[in-house]
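S.K.: predicted model follows, preceded by the sequence.
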Amino acid sequence: MNNIIKIKNISKKYRNKNGEIDAIKNIDLEINQGEIISLIGPSGCGKSTLLSIIANIDKDFKGTINKDKNIKIAYMLQNDALLPFLTVYENILLSLKIKKCISKDKIDYINYLLKIYNLEEFKNSYPSSLSGGMRQRVALIRTLALKPDILLLDEPFSALDGKFRLLISDDVYQIAKKENITVILVTHNLEEAITLSDKVIVLTKRPSSIKKVINININKPTIYEKRIDTKFNYYFDELWKALDLNE
Amino acid sequence: MSKEQKEYLKKLKKEKYIIFFFQLLIIFTFLFLWEELSSKGIISSFIYSSPSRILKTINSLIINNNLFIHIWITLKETIISFVLGISMGFIIACLLYEFKLFAKVIDPFLTMLNSLPKVALGPLIIIIFGANIKSVIIMALLINLITSIITIYNGFIRTNEFELKLFETLNATKGQTLLYLIIPSSYQTIISSFKLCIAQTLVGVIMGEFLVSKAGIGYLIVYGKQIFNLDLVMTGIILLAILSYLLYKLVITLENKLLRQK
Ligand SMILES: Nc1ncnc2c1ncn2[C@@H]1O[C@H](COP(=O)(O)OP(=O)(O)OP(=O)(O)O)[C@@H](O)[C@H]1O
Ligand SMILES: [Mg+2]
């Protein structure tokens, strides 16, 4: 399989008046096209930092990132950050407007996504009239509308609970597999990591480096079916052992 | 509409009438007492004037064709200074936001200018710009501009951090962030700075008219003082009170209209 992005020997220090903080130390990562990988690790170990570096928001780091310059990366955060003064539709168009890439194709794609996520009738509503889950779906459409090759997700579902969380995770899983989008997901949730990903990367505590890579192989079409598959428990145990609870 | 709702609305309407009635009552009692006390000689009508003398003064101002000119001049100066104050305040706030280093550099000077009693600059302004409407507007701008810059800028920096982060993840340029996020998010702050600005503009305009002494309601007041015609002074104060009340009301109505549109 061909690598869509190669991360070589990345290190990152934060600096302020009081000194330096080592956030990331010597991370190497090769990610294949269409692969879904999860980053899991202790709180504050540097997961968001790594995503910012991959997304080219944070340019102050050591090491190299190799990727084709035509690769489009989109980044979705935990907070939906829907602008309250724009309608759902205007919020979605915002990302295209900023990237200056509005096209007929993309508009059609947005309308298609609105339809499959049952948001069509809310197109012209303001975000304040939507539930948390619906808002997060709008944020997902806003991100997908860019037609990214790589999708970075930083704990995107953690504000949601229960069934909604599972539903929207499945949305992401289905669309990523269907459109061959590469996904890098940061999560604290073991189930989410196992059911969504092809590979789980366990990071050490700060400064983070890679502690263990677990390849997941549960051949089922939906998150729900993966969750009830017998192999799930095996991976859960693997992951549980890899995460040192004393950390 | 239910019966209860109708009754409730009726009650609200009644309350409005009662309030209005008492407001009128206060005004008329005040005018009546003022008139009576001065005509009986209990208070000096030379110093405190009286409603009838004020009416007479207004009448003679109308006959001399001066009243509306003075009101118009004050009004014109106020509107020009207000519009300039808001729009320049907005532009400068945008520049400060875009050029953070510049903002840091001029911060102490802004603070100094903000705490300086601007009237102290009056003589200087008159010498530089001459005894004319320009000086009045500069005086008003000195007073309202700093406040509108600071209010609008504070609105800018209060922008939601997650929304800013979103723009970061989209690799938005500074200009895009300002245009699509910062300014629309501060819409309410900008609109509600109008109230503060109109009050300060009036202070500046009257101060300017005191100094320039050519025309306007402020001029009527200083002129009355110079020729010891306290009826004229009192008339000026009453006109000013009415004008500022009406302007304030107008701004509030404008604000509500603009806010409701959104
Ligand atoms: N701008 C910054 N300046 C200084 N230190 C920072 C900055 N941003 C993050 N850090 C520090 O770097 C470390 C890694 O932060 P990061 O946000 O990447 O962790 P994380 O793994 O995403 O944590 P969490 O699980 O809580 O989201 C943390 O210890 C944090 O305190
Ligand atoms: Mg994080």
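M.R.: Arrived safely, thanks for sending. Numbers count the residues shown, from 1 in each chain, chains lettered A, B, ... in the order given. Ligands and ions are numbered 1, 2, ... in the order given.
S.K.: quick one: the strands in chain A?
M.R.: With DSSP state E, the ranges of strands along chain A come out as A:3-16, A:19-32, A:36-40, A:62-67, A:73-76, A:150-154, A:182-186, A:199-203, A:210-215.
S.K.: dump these to JSON lines, plus mean pLDDT and distance to residue A:137.
M.R.: Using the backbone N, CA and C atoms, a C-beta is placed for each residue, glycine as well. Converted to JSON lines, the strands of chain A look like this (pLDDT from 0 to 100; distance: least, C-beta to C-beta, whole Å):
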{"stretch": "strand A:3-16", "mean pLDDT": "92", "distance to residue A:137": "26"}
{"stretch": "strand A:19-32", "mean pLDDT": "92", "distance to residue A:137": "25"}
{"stretch": "strand A:36-40", "mean pLDDT": "95", "distance to residue A:137": "19"}
{"stretch": "strand A:62-67", "mean pLDDT": "92", "distance to residue A:137": "28"}
{"stretch": "strand A:73-76", "mean pLDDT": "94", "distance to residue A:137": "11"}
{"stretch": "strand A:150-154", "mean pLDDT": "95", "distance to residue A:137": "13"}
{"stretch": "strand A:182-186", "mean pLDDT": "95", "distance to residue A:137": "16"}
{"stretch": "strand A:199-203", "mean pLDDT": "94", "distance to residue A:137": "25"}
{"stretch": "strand A:210-215", "mean pLDDT": "91", "distance to residue A:137": "29"}
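S.K.: ok, which of the ones you listed comes nearest chain B?
M.R.: strand A:73-76 (3.9 Å; C-beta to the nearest C-beta).
S.K.: show me what that closest one is packed against.
M.R.: When contacts are defined as 3 or more C-beta pairs under 8 Å, 6 or more residues apart in numbering or on different chains; DSSP states H and E, strand A:73-76 sits against helix A:132-144, strand A:150-154, helix B:161-169.
S.K.: just the C-alphas of that strand, formatted as PDB.
M.R.: This file holds the C-alpha atoms of strand A:73-76, laid out as PDB (Å, rounded to 0.1, in the frame of the first residue of the first chain):
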ATOM      1  CA  ILE A  73      -6.100  18.000   5.100                       C
ATOM      2  CA  ALA A  74      -9.200  19.000   7.100                       C
ATOM      3  CA  TYR A  75      -9.200  19.300  10.900                       C
ATOM      4  CA  MET A  76     -12.200  18.900  13.100                       C
END
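S.K.: circling back: and of the helices and strands packed on strand A:73-76, who's closest to ligand 1?
M.R.: Among these, the nearest to ligand 1 by C-beta to the nearest ligand atom is strand A:150-154 (7.2 Å).
S.K.: and that closest one, is it in reach of ligand 1?
M.R.: No. Using C-beta under 6 Å from any ligand atom, we find that strand A:150-154 stays clear of ligand 1, coming within 7.2 Å at best.
S.K.: re earlier: redo the strands of chain A as CSV? Include mean neighbour count.
M.R.: Below are the strands of chain A laid out as CSV (neighbours: other C-beta atoms under 10 Å in any protein chain shown):
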stretch, mean neighbour count
strand A:3-16, 15
strand A:19-32, 16
strand A:36-40, 24
strand A:62-67, 13
strand A:73-76, 24
strand A:150-154, 24
strand A:182-186, 24
strand A:199-203, 22
strand A:210-215, 14
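S.K.: need those strands in TSV (columns: distance to residue B:21).
M.R.: Listed next are the strands of chain A as TSV, based on distance: least, C-beta to C-beta, whole Å:
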stretch	distance to residue B:21
strand A:3-16	64
strand A:19-32	69
strand A:36-40	71
strand A:62-67	76
strand A:73-76	60
strand A:150-154	62
strand A:182-186	66
strand A:199-203	74
strand A:210-215	79
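S.K.: figure out which of the ones you listed is closest to residue A:48.
M.R.: strand A:150-154 (5.6 Å; C-beta to C-beta).
S.K.: would you point out which residue is most central in chain A?
M.R.: residue A:153 (1.8 Å; C-alpha atoms, centre = their mean).
S.K.: and it, what are its bridge partners?
M.R.: Residue A:153 has these beta-bridge partners by DSSP bridges: residue A:76, residue A:185.
S.K.: can I assume it is in contact with residue A:184?
M.R.: Yes. Using C-beta atoms under 8 Å, residue A:153 makes contact with residue A:184 at a distance of 7.1 Å.
S.K.: mind listing what the residue nearest to the centre of chain A touches?
M.R.: A:76, A:172, A:183, A:184, A:185, A:186 (C-beta atoms under 8 Å, 6 or more residues apart in numbering or on different chains).
S.K.: what's the closest of those residues to residue A:146?
M.R.: residue A:76 (10.3 Å).
S.K.: what parts of chain B come near ligand 1?
M.R.: Counting by C-beta under 6 Å from any ligand atom, chain B has no residue next to ligand 1.
S.K.: lowest-scoring secondary structure element of chain B by mean pLDDT?
M.R.: Lowest on mean pLDDT, DSSP states H and E among the helices and strands of chain B sits helix B:45-48, with a mean of 86.
S.K.: for the helix or strand just after that helix, which positions count as buried?
M.R.: Next along the chain after helix B:45-48, taking DSSP states H and E as the criterion, comes helix B:51-63. Buried residues in helix B:51-63, counted by 16 or more other C-beta atoms under 10 Å in any protein chain shown: B:51, B:53, B:54, B:57, B:58, B:61.
S.K.: list the buried residues in the next helix or strand after helix B:51-63.
M.R.: Proceeding N to C from helix B:51-63, the next assigned helix or strand is helix B:67-98, under DSSP H and E. Using 16+ other C-beta under 10 Å as the test for burial, helix B:67-98 gives B:67, B:70-71, B:73-75, B:77-78, B:80-82, B:84-86, B:89-90, B:92-94, B:96-97.
S.K.: check contacts around residue B:110.
M.R.: Residue B:110 touches B:146, B:149, B:150, counting by C-beta under 8 Å, 6+ apart.
S.K.: in helices, which of those residues appear?
M.R.: B:146, B:149, B:150 (DSSP state H).
S.K.: scan the residues you listed and report the most crowded one.
M.R.: residue B:149 (23 neighbours; other C-beta atoms under 10 Å in any protein chain shown).
S.K.: just checking, it touches residue B:93?
M.R.: Yes. If you go by C-beta under 8 Å, residue B:149 and residue B:93 touch, sitting 5.4 Å apart.
S.K.: show me what the worst-scoring helix or strand of chain A on mean pLDDT packs onto, helices and strands only.
M.R.: Within chain A, no helix or strand scores below helix A:162-179, which has a mean of 88 by mean pLDDT, DSSP H and E. Counting contacts by 3+ C-beta pairs under 8 Å, 6+ apart, helix A:162-179 is packed against helix A:132-144, strand A:150-154, strand A:182-186, helix A:190-196, helix A:223-227.
S.K.: quick check: which of the ones you listed is nearest to residue A:101?
M.R.: helix A:132-144 (13.1 Å).
S.K.: give me the contacts around that closest one.
M.R.: A:74-76, A:80-82, A:88, A:91-92, A:94-95, A:109-110, A:113-114, A:117, A:119, A:122, A:127, A:130, A:151, A:156-157, A:159-160, A:164, A:167-168, A:171-172, A:175.
S.K.: how does chain B divide up, domain by domain?
M.R.: Using automatic domain parsing, the domain parsing of chain B gives B:1-43, B:46-261.
S.K.: quick check: which of those is buried the most?
M.R.: Comparing these by mean neighbour count (mean count of other C-beta atoms under 10 Å in any protein chain shown), domain B:46-261 ranks first with a mean of 18.
S.K.: pull the distance from it to the chain's centre.
M.R.: Centroid displacement of domain B:46-261 relative to its chain, using C-alpha atoms, centre = their mean, to the nearest Å, is 5 Å.
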